[in-house]
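Colleague: I'd like to go over a predicted model; first the sequence, then the structure.
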Amino acid sequence: MEKRITQKPILRQVSKKGNIKYLVSFLLVILGYASFLFFQGPIIIAFLILAMLGILLIFNIPSKWVEDSFSKLSYRFRISSAITGGFFLAIASSAPEFFTATSGVVYYKIFSIGFDTIIWSAIFNLCVIIGVGTFYKDPILVRKSILYRDFPSMGIAIVLLLVLALDGVYSTVDFIILICTYFIYVWFLSLDRSRSYKPSKSAFSWRITIIKLFFGIVLIALLAHLMVATGQETINLFEHFYGYALPVGVLACTIYGPGTSIADLFMSLAAIRKGEQTAGVVNGISSNTFDLTICIGVPGLAYTFLTGKDILINVYDSLLMILMLLLSYVLVFFVLRNGKVTIREGIFLLGYFLSCIVVYLVHIF
C-alpha cells in the first residue's frame, strides 16, 4: 500500500517543535505595521525594526522547505553531494540574499541595498556561523579538503569584486564575469565523483516536493521584498523625524546582512549537532560563493539592462567592505588550516565580526 504522507499546518509544526520564535516573529511583523494605526512619532521606527527582525526569522521556514525539496530531488536523481551542497543547497540558503538584491535593483533602483547586504552576509557566514558553531561542538573538526575545493572559489570571487570595483563602476561585462565565474565553479564540482547526496529519511512525494519548492521560493521572494520595503520606509521616517538620511549601509551591516544569513546559521548548526561538522562549515562557504557571484551578478545585470546604465559605486565604502571580507577570509583560512576550530578561535571570529561593524559605522558616520 502506498504510504500516506500527512502534512500538518505550519503553526502545528511550529508548536510541536517548540519553535515559539516563529509565532513571536509573526506577531512582531503584525505589530510593526499596526503601529501606524496606534502610534505617531519616532516610536514607529522602533516597531518597524522589530518587524524586520520578525521577517528575518520567518525566512527560515520557506528556506527549510526549499532545502528539503532540493535535497530530495538531488537524491532522487542521484546527483553528487558536491553538486547538491555547492549548487542546490547554496540556492536554498542564499535565496533571501538573492531576492533582497533583486528587490533593491528592480523595484527601488538601488544597487547598494543588495551589494551591501551580500558583503555583510558573507562576513557573517564566515565569522559568526563558525564562531557560534564552536559553542555546540568544541573543537569543530573539518576535512582539510575544503581548503582546496570550496575555499579557493570564494577567494577568487572576493578578488574579482575588489578588482572590478577599483574604477568605481560595475558594468554589464563585470556582472557577466561574476556569473561565469560561478558556473566555472559548478563545472569543477561536477568533476567530483562523490556519492549521491542522502537527505534525512522520509517518504518521497513528487507533488509535495514540488509544492514546497515552489511556495518556498515565492514566499522567500515576498518576504525579501517586504523586508526591503520596511527598511526603506524606516529610512524615510528617520529622515522625516530627524532630518538625516540614514545610509543603507547601516541597515545592511546590522539587520539585512546578518538577518538574511539566519537560515544559513540554522542549517549549519543543525549539521554540526548531527555530527556533520564539515558540512556545517562548507554550507557557509559555498553559499558565499553563490552570493558574491550570482546574487550580485544577476540583479546587477538586470539593473544595467533596465536602466541602460552602468552602476556607479562609492569606491571607499565598497572597498572597505570588500577588504574586511577579504581579511575575514584570510583569518578563517588560517583557522581551518589545522582541520579544527576551537572555541577560543570561534570567539575571536565573533569579535572580528563585531569590530567590522564598529569600524564601518564609524566610517560612514
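Modeller: Received the coordinates, thanks.
Colleague: what's the burial count for Arg344?
Modeller: Residues lying near Arg344 (other C-beta atoms under 10 Å) number 10. Quick note: C-beta positions are derived from backbone N, CA and C, even for glycine.
Colleague: check contacts around Arg322.
Modeller: That one is not Arg; residue 322 is Ile. Residues near Ile322 by C-beta atoms under 8 Å, 6 or more residues apart in numbering: Ile119, Ile158, Leu161, Leu162, Ala165.
Colleague: and those residues, which of them are buried?
Modeller: Buried positions within the contacts of Ile322, assessed by neighbour count (16 or more other C-beta atoms under 10 Å), are Ile119, Ile158, Leu161, Ala165.
Colleague: looking at those, which are in helices?
Modeller: For those, the ones inside helices are Ile119, Ile158, Leu161, Ala165, with DSSP state H as the criterion.
Colleague: Ala122 versus the third one, what's the distance?
Modeller: Going back to what we said before, that points to Leu161. For Leu161, the distance to Ala122 equals 10 Å [C-beta to C-beta, to the nearest Å].
Colleague: what touches both of the two?
Modeller: Shared contacts of Leu161 and Ala122, defined by C-beta under 8 Å, 6+ apart, are found at Leu292.
Colleague: so Pro258 is in which element?
Modeller: If you go by DSSP states H and E, Pro258 is part of helix 257-260.
Colleague: for that helix, give the mean pLDDT please.
Modeller: Taken as a whole, helix 257-260 has an average pLDDT of 89.
Colleague: may I have that helix as CSV, with CA atoms only?
Modeller: C-alpha atoms of helix 257-260 as CSV (Å, rounded to 0.1, in the frame of the first residue of the first chain):
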residue,chain,number,x,y,z
GLY,A,257,23.3,41.1,6.2
PRO,A,258,23.2,39.1,9.4
GLY,A,259,19.4,38.6,9.1
THR,A,260,19.4,37.1,5.6
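Colleague: what's in contact with it?
Modeller: 52-53, 55-56, 59, 96-97, 100, 116-121, 123-124, 128, 224, 227.
Colleague: distance check, Phe38 against Ala224.
Modeller: Taken as C-beta to C-beta, the span from Phe38 to Ala224 is 27 Å.
Colleague: so which residues of the stretch 151-300 of the chain form helices?
Modeller: For the stretch 151-300 of the chain, helices defined by DSSP state H, counting those that start in this stretch occupy the ranges 172-190, 206-242, 248-251, 257-260, 262-273, 277-290, 296-307.
Colleague: how much space separates Leu237 from Ala224?
Modeller: 21 Å.
Colleague: next: Phe151.
Modeller: In terms of C-beta to C-beta, Phe151 sits 28 Å off from Ala224.
Colleague: shaky segments in this structure?
Modeller: Scanning the chain for pLDDT under 70 picks out 1-19, 80-82, 85-86, 192-204.
Colleague: centroid residue for it?
Modeller: Nearest to the mean C-alpha position of the chain, by C-alpha atoms, centre = their mean, lies Ser261 at 3.9 Å.
Colleague: for that one, what are phi and psi?
Modeller: Dihedral angles phi and psi of Ser261 (degrees, to the nearest 10) take the values phi -100, psi 0.
Colleague: for it, give me its contacts.
Modeller: Neighbours of Ser261 in contact, by C-beta under 8 Å, 6+ apart: Glu97, Ser121, Phe124, Asn125, Val128, Ile129.
Colleague: same question, Glu345
Modeller: Thr134, Val335.
Colleague: same thing but 10 Å
Modeller: Contact analysis of Glu345 by C-beta atoms under 10 Å, 6 or more residues apart in numbering lists Ile130, Gly131, Thr134, Asp138, Pro139, Ile140, Leu331, Val332, Phe334, Val335, Leu336, Asn338.
Colleague: any figure for the gap between the closest residue to Tyr136 other than its chain neighbours and Leu141?
Modeller: Once flanking residues are discounted, Tyr136 sits nearest to Ile272: 5.2 Å by C-beta to C-beta, 6 or more residues apart in numbering. According to C-beta to C-beta, Ile272 and Leu141 sit 10 Å apart.
Colleague: those two: which is more packed in?
Modeller: Ile272 (24 against 13).
Colleague: how far away is that one from Phe238?
Modeller: 38 Å.
Colleague: returning to that earlier point: need the ones in helices among the buried ones among the contacts of Ile322 in TSV with distance to Ser74, can you?
Modeller: Below are those laid out as TSV (distance: C-beta to C-beta, whole Å):
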residue	distance to Ser74
Ile119	29
Ile158	27
Leu161	29
Ala165	35
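Colleague: which one among those gets closest to Leu361?
Modeller: Ile119 (14.4 Å; C-beta to C-beta).
Colleague: the residue nearest to the closest one when sequence neighbours are not counted is in what secondary structure piece?
Modeller: Nearest residue to Ile119, sequence neighbours excluded (C-beta to C-beta, 6+ apart): Met321, at 4.4 Å. In the assignment (DSSP H and E), Met321 maps to helix 315-336.
Colleague: quick one, that helix and helix 277-290 angle?
Modeller: 160 degrees (axes from the mean of the first three to the mean of the last three C-alpha atoms, to 10 degrees).
Colleague: and helix 315-336, which residues are buried?
Modeller: Buried residues in helix 315-336, counted by 16+ other C-beta under 10 Å: 317-322, 324-326, 328-329, 331-332, 335-336.
Colleague: out of those, which comes closest to Phe111?
Modeller: Ser318 (10.3 Å).
Colleague: quick one, what contacts the residue lying closest to that closest one once chain neighbours are set aside?
Modeller: What sits nearest to Ser318 in space, not counting adjacent residues and going by C-beta to C-beta, 6+ apart, is Ala165, at 5.0 Å. Going by C-beta under 10 Å, 6+ apart, Ala165 touches Phe115, Asp174, Ile313, Asn314, Val315, Ser318, Leu319, Met321, Ile322.
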